[in-house]
Every structure is written in C-alpha cells, then in structure tokens.
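A.B. asks: Build the 3D model from these lines:
(one chain, ligands or ions: 3)
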Amino acid sequence: MTNLPSSTRTIPDVTAVPRHIAIIMDGNGRWAKKRLMPRIMGHQRGVESLRTVVKSCRDMGVPYLTVFAFSSENWRRPFDEVSFLMSLFLKMLEREIASLHQNNIRLRIIGDRARFDDRLKQTMADAEMLTAGNTGLTLTIAANYGGRWDVMHAVQNLLRDRPELATSFNEEDLQPYLSMGDAPEPDLFIRTGGEKRISNFMLWQLAYTELYFTDTLWPAFGRHALELAIASYQHRERRFGRTSEQLQAGETGESGA
Ligand code: IPE
Ligand code: IPE
Ligand code: MG
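C.D. replies: Ligands and ions are numbered 1, 2, ... in the order given. Sure thing, here's the model as predicted:
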C-alpha cells in the first residue's frame, strides 16, 4: 500500500467503514480519580479498552488503527507515573504480542525511540518483526510521538537522502518519510476524555480528518462507544474544499482553477 493519493485529493465513501481511525486515548487519570484510585489504575484499565477497540476494529474490517499511548510531552509527568507507563508498555507488548500475531494483526510503533531503555526498544523491534508480514489490521502505537517531531524528522531524512531537493521538495517527496507515510490518512479521529485539542498528535496527517470528541473517559470506552463514533463519521459530508452542490453533481476532480 504505497503511494496512496492524499486523502485531501480523493473523497472517501463515508458510508463505508473508515480506512484509518486515529485515537487519543485520554482520561485514564480522571477515571481512576473518580473511583478514589491512583492514576496508574486508570492506565491499567486503559489497556483493556485498547484490547476491546482493537478487536472491534478487526471485526469491522477497519484496515488501520493508530493510538496515542505516550506523547513527547508526557515526560513532564511525575517520575513514578512515567516509570509505570514504561513498564506497562513493556508488559503489554510481552503479554499481547502472541495473540496479536495469531489474529493476523501487524503491529507498528511510531515515535522517537531513543529515550526508551534497551529492553523496551528490543521488545518493540521483536514485536514489529514478528508481525510484519500480517495482512489484517495494522495497529500503530504512537509512543514518545509528537506531530512536530514527525514532520521535522521527515524533512531531515528527506534532505539527508536527497539534498538536491532542499529548495524544491513537495508533499509527495515528503510523504514516504513521515511516520505513517504508507498508510491512508486518518478518516476519523477520536479523542476521549472531554478535551477538545489535538495535543501534538499526527498534525500533518489530520489535515482533513473528521474529528470526534467524546466525554467518555478512555477506560470506559468500548465497542458501543466506537460504533457511535463511526456512526457520527458516516453522517459527515467530506468536501475537501469543494461545495456541497459540486459533490451532489459528482464533481470530485481538481477542475476549477
Ligand atoms: C491518557 O490519560 C493516558 C496518557 C497520557 C498516557 P491521562 O493520564 O492523560 O488521563 P487524564 O487526562 O489525566 O484523566
Ligand atoms: C495526550 O493526552 C497524549 C496521550 C493520550 C498519550 P494528554 O492527557 O497528555 O494531553 P494534554 O497534555 O492534556 O493535552
Ligand atoms: Mg490527559
């Protein structure tokens, strides 16, 4: 699946299941706090929501699911919480990888790995390698990921490989260097936990994505909540700059200019 046309050019059929869902899994801490439990219990329960959502996407035939697990800004949290999240990530990979593989799921991890410890780096690489040939759902976990980092890193690598493009590169040149360069751009973005912001997630790729915000806290998000989000998406009109009348007349090309 390389060289897909940018979703800002072609109009996907919204009545079909989204090709790519991107989720900011937020609200773990508040879920726990409401139950007078430490924040980390919310993270622990959050893993169960992820399991349910992965299974639901697989059942519904969603080809790509990308989830934000740890942002480049989350290092600012208390040391104990960061350490817990790192060990949870490691445990989750070790525990779940066999079943992801059995379910034909391809696991990928995006973000800057330099700051992770060696054992976590190795486990990530092993998990990706084991599942690389799988053809079902592509599950991408964004860890120490930031949208600005992604774009900067892509530009740096493009210019390293093709210095002659320094003053003339275009979107198509940059595309393969972005973290999700070979995946369709997200059709549907979901943020749980009530905040209405992007928090430095996939800034480039979300350019024309349909946004869905819910107050449901991530540990309480399940199959039904996902179905509601998809149903909301299926009633959107994606215009990508055109008018509603043009779309109704079936004019979806580049004409006009
Ligand atoms: C999201 O839940 C998980 C991570 C950022 C790792 P939070 O931990 O941000 O939960 P709230 O927003 O404090 O409730
Ligand atoms: C965004 O959640 C990152 C993840 C869910 C991993 P945060 O809870 O860290 O976002 P902000 O900082 O409140 O925007
Ligand atoms: Mg939060």
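A.B. asks: Which residues are in contact with the residue nearest to the spatial centre of the chain?
C.D. replies: By CA atoms, centre = their mean, the chain has its centre lying nearest to residue 66, at 2.5 Å. Counting by CB atoms under 8 Å, 6 or more residues apart in numbering, residue 66 touches 20-23, 110, 139-142, 180, 183, 186, 202. For glycine as for every other residue, the C-beta is placed from the backbone atoms N, C-alpha and C.
A.B. asks: out of those, which are inside strands?
C.D. replies: 20, 21, 22, 23, 110, 139, 140, 141, 142 (DSSP state E).
A.B. asks: Would you map the helices across the stretch 51-200 of the chain?
C.D. replies: 79-102, 118-131, 147-161, 171-174 (DSSP state H, counting those that start in this stretch).
A.B. asks: Throw those into TSV and include mean pLDDT, thanks.
C.D. replies: Listed next are the helices of the stretch 51-200 of the chain as TSV, based on pLDDT from 0 to 100:
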stretch	mean pLDDT
helix 79-102	97
helix 118-131	98
helix 147-161	98
helix 171-174	95
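A.B. asks: need the ones you listed in CSV with mean neighbour count, can you?
C.D. replies: Below are the helices of the stretch 51-200 of the chain laid out as CSV (neighbours: other CB atoms under 10 Å):
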stretch, mean neighbour count
helix 79-102, 15
helix 118-131, 15
helix 147-161, 16
helix 171-174, 13
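A.B. asks: out of those, which comes closest to ligand 1?
C.D. replies: Closest to ligand 1 of the helices of the stretch 51-200 of the chain is helix 79-102 (CB to the nearest ligand atom; 5.6 Å).
A.B. asks: List of residues touching that closest one?
C.D. replies: 39-40, 43-44, 47, 51, 54, 69-70, 74-75, 107, 116-117, 119-120, 123-124, 126-127, 130-131, 134, 139, 143.
A.B. asks: orientation of that helix relative to helix 118-131 in degrees?
C.D. replies: 20 degrees (axes from the mean of the first three to the mean of the last three CA atoms, to 10 degrees).
A.B. asks: Distance from helix 79-102 to the middle of the chain?
C.D. replies: 17 Å (CA atoms, centre = their mean, to the nearest Å).
A.B. asks: That one near ligand 2 anywhere?
C.D. replies: No - judged by CB under 6 Å from any ligand atom, helix 79-102 stays clear of ligand 2, getting no closer than 8.9 Å.
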